[in-house]
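Peer 1: Fold the following for me, if possible:
(one chain, ligands or ions: 1)
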Amino acid sequence: MNFRTIIEPFRIKSVEAVKFTRRDDRAAALRAAGYNVFQLHAEDVLIDLLTDSGTGAMSSAQWGAVMQADESYAGSRSFYRFEAVVKHLTGFTYVIPTHQGRAAEHILFRTILKAGQVVPNNNHFDTTRANIEAEGVEARDLVIEEGTVPHVLHPFKGNIDLGALERLLEERGPQIPLVMVTVTNNSGGGQPVSLENLRGVRTLCDRFAKPFFLDACRFAENAWFIKLREPGQAGRTPKAIAQEMFSLADGCTMSAKKDGLANIGGFLAMNHAGWAEAARNLLILTEGFPTYGGLAGYDLEAVARGLEEVVEEDYLRYRIRSIEYLGEKLIAAGVPIIRPPGGHAIYLDARALLPHIPPLEYPGIAVANELYVEAGIRGVEIGTVMFGLRSDGTERPGPMDLVRLAIPRRVYTQSHIDYVAEAVIAVAASRSQLRGYRIVSAPKALRHFTAVFEPLG
Ligand code: F0G
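Peer 2: Purely as a prediction, here's the structure:
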């Protein structure tokens, strides 16, 4: 048997009804939400592609483990199972559970950063950048040139520019406390980083005696791309590739809401005893005792099992193919997207789609809002609203103006995705009628979550 159709590698045991709404209702809901899809009631969304974070479906094995969990405050059996799985996968000595990824970031950065320093990364995601900047530290993005141009094809558009990293280490060495690489590169289109690139980072970190941390949220999707695209890797299991990725680093921050296949959870893991001790002390102050870190015992069980399921080949083959399937349909219809499709999402290139709307009138918001009103689909702007505000309060265009359609794991079927493709193509066809937005009010940091917008005439 060698059939071409890649099917969902599961059958559905429990379903949740989605609510169909009318166009007028959606237009009213969006107005009431200040034209910001983050402020919508999720019930009013038909297909929710806001994020792939914490929105996946757990397996029956995960739910079974939930029922078996140990809720002891200290020394829970569920913690030791979680710790064993994370150690086996990452090889790191110290494993610190946190309630989600940004808590791991906060604890790491609060304990090691000092004002005036600079942290290099391929691209920092929004909360990572905000947690670094909150310490008075610069978050420097050094993704390769190809990674900043949506239509340019490259197998590893998430790679960090090793030449630029070397120059930064030479010029600012003493002010660089660690080097980070995000796998896959979320802000840059869910694009993977190659093993070769990670090895290059390792070599530079050894030369300059710097610790190297992965932002590992989507490590399994990254490993699958390495298997597909990197010479010599096709015969390896995604788990072995993931283990090698981790072995090149000294630690990681992780949101288990992505490739942990759980609804909540995360961890900080590392080999540095001193940093781990400082992190544990802050953990106790802000998250919880080190054997639960702000999570229930059942969350630790769900993550432990999720980390085992996420590296299964059948799962990753389906996962990456289902994103590519949506990408192919949009490319065939001439809709500009980041190419090649990423691991967890399709990123519409709103700047290319709406050349008549300048970046400071937020073309990404225009596309995201139209998709909601026309089709009940919720995506998210990753562009000038998310990344365009400077610390002095002035604005500049973000690196790109994108609308991310993130696909929750194991949640939507192929017909849902067919519907999404049809809707995006219809919105793209009506592009000339779309108008920009202005911001009525917004907070100083992470403004995209709560900003209130107004359509321009
Ligand atoms: N790092 C990356 C690359 C992320 O994508 C995220 C979350 C985090 C860190 C923080 O993890 O949410 O568990 O605190 N990204 C989500 C998203 C929210 O929609 O892409 P968290």
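
Peer 1: Pull the number of nearby residues for residue 169.
Peer 2: As a burial measure, residue 169 scores 18 neighbours (other CB atoms under 10 Å). Heads up, the C-betas are built off the backbone N, CA and C, glycines and all.

Peer 1: Correct me if wrong: it contacts residue 176.
Peer 2: Yes: here residue 169 reaches residue 176: they are 6.3 Å apart, a contact under CB atoms under 8 Å.

Peer 1: hey, what's in contact with both of these two?
Peer 2: 208, 210 (CB atoms under 8 Å, 6 or more residues apart in numbering).

Peer 1: Tell me which residues touch the residue of the chain found nearest the ligand, please.
Peer 2: The chain approaches the ligand most closely through residue 101 (2.5 Å), counting by CB to the nearest ligand atom. Residue 101 makes contact with 127, 215, 217, 253, 254, 255, 256, 257, 258, 266, according to CB under 8 Å, 6+ apart.

Peer 1: Same check on residue 34?
Peer 2: 440, 451, 452, 453.

Peer 1: just residue 38 next, same as before
Peer 2: 50, 380, 448, 449, 450.

Peer 1: For it, which three-state class applies?
Peer 2: At residue 38 the chain is in helix, as set by DSSP: H, G, I helix; E, B strand; the rest coil.

Peer 1: Where does the prediction get shaky in the protein?
Peer 2: For the chain, applying pLDDT under 70 flags the ranges 1.

Peer 1: where does the spatially most central residue of it sit relative to residue 232, distance-wise?
Peer 2: Nearest to the geometric centre of the chain sits residue 186, at 4.6 Å (CA atoms, centre = their mean). Remark: distance between residue 186 and residue 232 (CB to CB, to the nearest Å) = 27 Å.

Peer 1: My guess is residue 408 contacts residue 48. True?
Peer 2: Yes: under the criterion of CB under 8 Å, residue 408 makes contact with residue 48 at 7.3 Å.

Peer 1: Compare the contacts of residue 101 and tell me which is most surrounded.
Peer 2: Within the contacts of residue 101, most neighbours by other CB under 10 Å means residue 256, with 34 neighbours.

Peer 1: Now that we have the contacts of residue 38, which of them are buried?
Peer 2: Among these, those buried by neighbour count (16 or more other CB atoms under 10 Å) are 50, 380, 448.

Peer 1: Are the helix or strand hosting residue 369 and the ligand in contact anywhere?
Peer 2: Using DSSP states H and E, residue 369 sits in helix 363-375. No: contact between helix 363-375 and the ligand is absent, the nearest approach being 13.4 Å (criterion: CB under 6 Å from any ligand atom).

Peer 1: what about the helix or strand following that helix, distance to the chain center?
Peer 2: Under the assignment DSSP H and E, the closest C-terminal helix or strand after helix 363-375 is strand 377-378. Offset of strand 377-378 from its chain centre (CA atoms, centre = their mean, to the nearest Å): 18 Å.

Peer 1: overlap in contacts of residue 408 and residue 48?
Peer 2: residue 55.

Peer 1: Strands - which of the buried ones among the contacts of residue 38 land there?
Peer 2: residue 380 (DSSP state E).

Peer 1: Which one of the buried ones among the contacts of residue 38 is nearest to residue 142?
Peer 2: residue 448 (23.0 Å; CB to CB).

Peer 1: Would you quantify the distance from the closest one to residue 307?
Peer 2: 29 Å.

Peer 1: can you pull out the strands in the stretch 351-457 of the chain?
Peer 2: 377-378, 380-382, 402-406, 437-441, 452-455 (DSSP state E, counting those that start in this stretch).

Peer 1: how about these in CSV, adding distance to residue 348?
Peer 2: Converted to CSV, those look like this (distance: least, CB to CB, whole Å):
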stretch, distance to residue 348
strand 377-378, 11
strand 380-382, 10
strand 402-406, 4
strand 437-441, 16
strand 452-455, 18
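
Peer 1: Nearest to residue 247, out of these?
Peer 2: Closest approach to residue 247 among the strands of the stretch 351-457 of the chain (CB to CB): strand 402-406, 28.6 Å.

Peer 1: for the closest one, packing partners?
Peer 2: strand 345-349, helix 350-353, helix 363-375, strand 380-382 (3 or more CB pairs under 8 Å, 6 or more residues apart in numbering; DSSP states H and E).

Peer 1: how distant is the second one from the center of its chain?
Peer 2: Read that as helix 350-353. Using CA atoms, centre = their mean, the offset of helix 350-353 from its chain centre is 22 Å.

Peer 1: Next: the third one.
Peer 2: Between the centre of helix 363-375 and the centre of its chain there are 21 Å (CA atoms, centre = their mean).

Peer 1: now the strands for the stretch 201-350 of the chain?
Peer 2: Under DSSP E, counting those that start in this stretch, the stretch 201-350 of the chain gives strands at 212-215, 251-255, 266-270, 345-349.

Peer 1: What segments of the stretch 201-350 of the chain are helices?
Peer 2: With DSSP state H, counting those that start in this stretch as the criterion, the stretch 201-350 of the chain has helices at 219-229, 238-247, 273-286, 297-309, 313-332, 350-353.

Peer 1: need the ones you listed in a markdown table with mean neighbour count and distance to residue 415, can you?
Peer 2: Rendered in a markdown table, the data for those read as follows (neighbours: other CB atoms under 10 Å; distance: least, CB to CB, whole Å):
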| stretch | mean neighbour count | distance to residue 415 |
| --- | --- | --- |
| helix 219-229 | 25 | 23 |
| helix 238-247 | 20 | 27 |
| helix 273-286 | 16 | 44 |
| helix 297-309 | 25 | 24 |
| helix 313-332 | 18 | 12 |
| helix 350-353 | 22 | 25 |
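
Peer 1: would CSV of the ones you listed with distance to the ligand be doable?
Peer 2: Putting the helices of the stretch 201-350 of the chain into CSV (distance: least, CB to the nearest ligand atom, whole Å) gives the following:
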stretch, distance to the ligand
helix 219-229, 11
helix 238-247, 15
helix 273-286, 14
helix 297-309, 11
helix 313-332, 14
helix 350-353, 17
